[in-house]
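Colleague: Predicted structure and sequence below. I'll ask about it afterward.
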Amino acid sequence: MVSLHSTKDVYVQILRTFFKAVNGTPKVIVTDEERALHAAIIELQDTGEFTGSHYYDTFHILRNVKKKLTIKEHIHLFKRLIHAKN
């Protein structure tokens, strides 16, 4: 979406521009685990500019878990946890 050096402030401006372009805000935003983007969404929620929900994309989370976990059984357990129903 943006350069590798994006900051929270850059994401805030991008999201504000997006909201203006689509004449409103989405009910849900799904992202990867980009910290600056998450911080921007929290700031927009705190100011009331975004009242929807923010979720992480499980595809990216699982991809990152596979990089960090070496034991296949742990990966399998994590997948079961992430897809568990309440």
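Modeller: Cool, got the structure.
Colleague: tell me how far whichever helix in the chain runs longest is from the chain's mean position?
Modeller: Criterion DSSP state H: the longest helix present in the chain is helix 8-21. Remark: helix 8-21 is offset 15 Å from the chain centroid, using CA atoms, centre = their mean, to the nearest Å.
Colleague: buried ones in that helix?
Modeller: Burial within helix 8-21, assessed by neighbour count using 16 or more other CB atoms under 10 Å, is assigned to 8, 11, 12, 15. C-beta here means a position set from N, CA and C on the backbone, and glycine is covered the same way.
Colleague: Residue 72: which of those residues is nearest?
Modeller: residue 11 (35.2 Å; CB to CB).
Colleague: quick revisit: moving C-terminal from the longest helix of the chain, which element do we reach first?
Modeller: Using DSSP states H and E, the helix or strand that follows helix 8-21 towards the C-terminus is strand 28-31.
Colleague: Please point out which parts of that following strand sit buried.
Modeller: Buried residues in strand 28-31 (16+ other CB under 10 Å): 29, 31.
Colleague: For this protein, which residue occupies the most central location?
Modeller: The centroid of the chain falls nearest to residue 31 when counting by CA atoms, centre = their mean (2.8 Å).
Colleague: Just the local confidence number for it, please.
Modeller: At residue 31, the model reports a pLDDT of 90.
Colleague: now residue 26
Modeller: Value for residue 26, per-residue pLDDT: 94.
Colleague: shaky segments in this structure?
Modeller: 1-4, 84-86 (pLDDT under 70).
Colleague: Residues touching stretch 6-24, excluding its own?
Modeller: 1-2, 25, 34, 36-37, 39-41, 43-44, 49-50 (CB atoms under 8 Å, 6 or more residues apart in numbering).
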